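>>> structure, please.
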Amino acid sequence: MTAPRVKMLKPTLSVQPDRLKTMSSDSWRSGKTTTTRGYGYRWQQARVLFLKAHPLCCYCKREDRLTAASIVDHITPHQGDERLFWDSRNWQPLCKPCHDTIKAAEERGQRVATGR
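Okay, the predicted model is just below:
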């Protein structure tokens with residue numbers, strides 16, 4: 001008996017680049033790495049300490065769900081302002097789903113129905 005053949009899929013990267021262009025060229029992030037935007041070693045250390053002290057997602061907690069936080073989010077987007085970036089009163093613990101849906105929609109000025 002011979003092994004089944006694996007069907008090769010066509011690469012789709014050629015149709016993806018437009019989806020990757022989410023930032024305008026005048027964005028404060030444009031052309032910067034995560035490290036140059038402030039998310040280097042010092043941030044990683046601060047992030048770990050903050051998540052140890054605040055282990056649960058604050059958005060989930062509001063809906064009586066206990067979900068581990070994995071992201072330290074800036075409540076008010078810092079947009080490169082170092083003072084705001086490092087102000088821990090501007091940090092909140094979020095799980096990835098809440099960060100990527102609810103928080104992202106808030107920043108776009110939209111409402112998201114919760115109750116997952």
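>>> what mean pLDDT does stretch 102-116 have?
Across stretch 102-116, the average pLDDT comes to 75.
>>> elements contacting the lengthiest helix in the chain?
Criterion DSSP state H: the longest helix present in the chain is helix 41-53. Other helices and strands packing on helix 41-53, by 3 or more Cβ pairs under 8 Å, 6 or more residues apart in numbering; DSSP states H and E, are strand 71-74, strand 91-94. Every C-beta, even on glycine, is put in place using the N, C-alpha and C of the backbone.
>>> tell me which of the ones you listed is the most buried.
strand 91-94 (a mean of 21; mean count of other Cβ atoms under 10 Å).
>>> and the longest helix of the chain, what's its mean pLDDT?
95.
>>> contacts for the helix or strand just after that helix?
Next helix or strand after helix 41-53 toward the C-terminus (DSSP states H and E): helix 58-62. Applying Cβ atoms under 8 Å, 6 or more residues apart in numbering, the contact partners of helix 58-62 are 66-67, 69, 92-95, 98, 102-103, 114.
>>> re earlier: could you dump the helices and strands packed on helix 41-53 into CSV with distance to Val48 added?
Below are the helices and strands packed on helix 41-53 laid out as CSV (distance: least, Cβ to Cβ, whole Å):
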stretch, distance to Val48
strand 71-74, 9
strand 91-94, 12
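>>> Glu107 is nearest to which of those strands?
Closest to Glu107 of the helices and strands packed on helix 41-53, according to Cβ to Cβ: strand 71-74, at 10.0 Å.
>>> can you name every helix or strand that the closest one contacts?
Using 3+ Cβ pairs under 8 Å, 6+ apart, strand 71-74 is in contact with helix 41-53, strand 91-94.
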